[in-house]
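Peer 1: sequence-free structure coming up:
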């Protein structure tokens, strides 16, 4: 009997290790490939002679593809299984890499990008569900660790992809086409342990909770708003920090890029370090702490001017844990309907992010008009300051929603 128990425990540990490898490697490759477009887009623009409007259409198609896949992944998982969805998402990536390599027109390139982001969406939702159901102990720490690997992939991507594109191929270089073909093929790596690992089979026939019931729960909307506002702040800093520093404080491109790199360092290391702390203080308590920290650092960084730039950098400490910690909260609160809750969260978050990112750019442009002197010269520094104050405001609003979630869950005796 003891031998049987020992063999069973050994098998469970082996299976857990396989799933953990699949999750961590998939997150790392997801971050690596998702960030590759930053290096590729200038070269794509030159090859196809694209305008900024064309690039806007291309990137909007990315978001649409991501949102489309988020809406159907849970339903598909009920038919073919969540593991099959993960493997499908991983397989879509190298296929889209082939299409990118062969694309001869903007239309075919946009279609290839759309396909890639279908894969990204399936990957995001599938990984979230599988991670939440696999890491049932120390959920906050493990999900932060998983997203740490995403950050590692995203951090090293620009350097490696740039070198791949510059590598010699005969009389020319590999360029962005072969770069995408090569790096998207890496998605086959986590597919191997994912195929071998076994997930606990879920009986969907017993589930009574659907989207309608989930969407009627106030605590669900609190979590959605926290994650959406946190991601808006994260993307806003990444997209605008270099411009802000160069145009407001006359930083060189190298100096500004260094500050952004340091932001990523704070961001990535935080996800590695704070996971166990989050589980000890409580997931929702951690959201309260980190959202107000991020909001305070961003606001103070803007008010202090050039001397406060380092505060914008360390704001990454507060922003980093928001996404994975909210995922952990969802895993705890909606364990029996995790697929529905995860899909609804990712879809609504994406819908909120699109106009919010446009709003940020609009706020900066409007502020330029407001802070224009009689000679027609805009005070760019003040305009960008207003934009970053908006990001700080987003974090403060996320803090308010975190407090509301804490109060509601504490009152219900379900504070996680």
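Peer 2: Nice, thanks for sending it over. Values in this document were obtained by computation on a predicted structure and should not be read as measured data. Numbers count the residues shown, from 1 in each chain.
Peer 1: Name the nearest residue to residue 125, sequence neighbours excluded.
Peer 2: residue 73 (4.2 Å; C-beta to C-beta, 6 or more residues apart in numbering). Bear in mind the C-beta positions are built from the backbone N, C-alpha and C, glycine included.
Peer 1: Would you mind listing where the protein has pLDDT under the threshold?
Peer 2: Scanning the chain for pLDDT under 70 picks out 1-9, 38, 52-53, 56, 200-210, 357, 373-378.
Peer 1: one step back: from the chain's centre, how far out does the strand or helix carrying the residue nearest to residue 125 sit?
Peer 2: Assigned by DSSP states H and E, residue 73 belongs to helix 52-80. Counting by C-alpha atoms, centre = their mean, to the nearest Å, helix 52-80 is centred 14 Å from the centre of its parent chain.
Peer 1: ditto for stretch 168-186
Peer 2: 25 Å.
Peer 1: do the same with stretch 121-132
Peer 2: Taking mean C-alpha positions (C-alpha atoms, centre = their mean), stretch 121-132 and its chain are 12 Å apart.
Peer 1: The chain should start at 109 in everything you say after this.
Peer 2: Okay, using 109 as the starting number, the last item reads as stretch 229-240.
Peer 1: Residues touching it, excluding its own?
Peer 2: Outside stretch 229-240, the residues within contact range by C-beta atoms under 8 Å, 6 or more residues apart in numbering are 127, 130-131, 134-135, 138, 173-178, 181-182, 184-185, 190-191, 193-194, 196-198, 200-201, 247, 250-251, 254, 307, 435-436, 438-439, 443, 446-447, 450-451, 454.
Peer 1: buried subset of those residues?
Peer 2: Taking 16 or more other C-beta atoms under 10 Å as the criterion, what is buried in the contacts of stretch 229-240 is 127, 130-131, 134-135, 138, 173-178, 181-182, 184-185, 190-191, 193-194, 196-198, 200-201, 247, 250-251, 254, 307, 435-436, 438-439, 446-447, 450-451, 454.
Peer 1: And the helices in the stretch 209-358 of the chain?
Peer 2: 214-242, 247-274, 283-293, 296-304, 319-323, 326-357 (DSSP state H, counting those that start in this stretch).
Peer 1: Now do the last one: distance to the chain's middle.
Peer 2: Same thing as helix 326-357. For helix 326-357, the distance to the chain centre is 11 Å (C-alpha atoms, centre = their mean).
Peer 1: Which secondary structure elements does it sit against?
Peer 2: Secondary-structure packing of helix 326-357 (3 or more C-beta pairs under 8 Å, 6 or more residues apart in numbering; DSSP states H and E): helix 361-381, helix 391-411, helix 417-427, helix 430-441, helix 446-478, helix 488-519.
Peer 1: which helices and strands sit right next to the fourth one?
Peer 2: This points to helix 430-441. helix 214-242, helix 247-274, helix 326-357, helix 391-411, helix 446-478, helix 488-519.
Peer 1: Show residues contacting that helix.
Peer 2: Looking at what lies outside helix 430-441 - C-beta under 8 Å, 6+ apart - the contacts are 236, 239-241, 243, 247-248, 251-252, 254-255, 327, 331, 334-335, 338-339, 342, 379, 386, 391-392, 394-395, 398-399, 402, 446, 449-450, 453, 506, 513, 517, 522, 524.
Peer 1: hey, which of the helices of the stretch 209-358 of the chain is tucked in deepest?
Peer 2: Comparing the helices of the stretch 209-358 of the chain by mean neighbour count (mean count of other C-beta atoms under 10 Å), helix 214-242 ranks first with a mean of 23.
Peer 1: Can you check what angle separates it from helix 160-188?
Peer 2: Helix 214-242 runs at 40 degrees relative to helix 160-188, counting by axes from the mean of the first three to the mean of the last three C-alpha atoms, to 10 degrees.
Peer 1: Helix 214-242 to helix 446-478, inter-axis angle?
Peer 2: Orientation check (the same axes, to 10 degrees): helix 214-242 against helix 446-478 gives 130 degrees.
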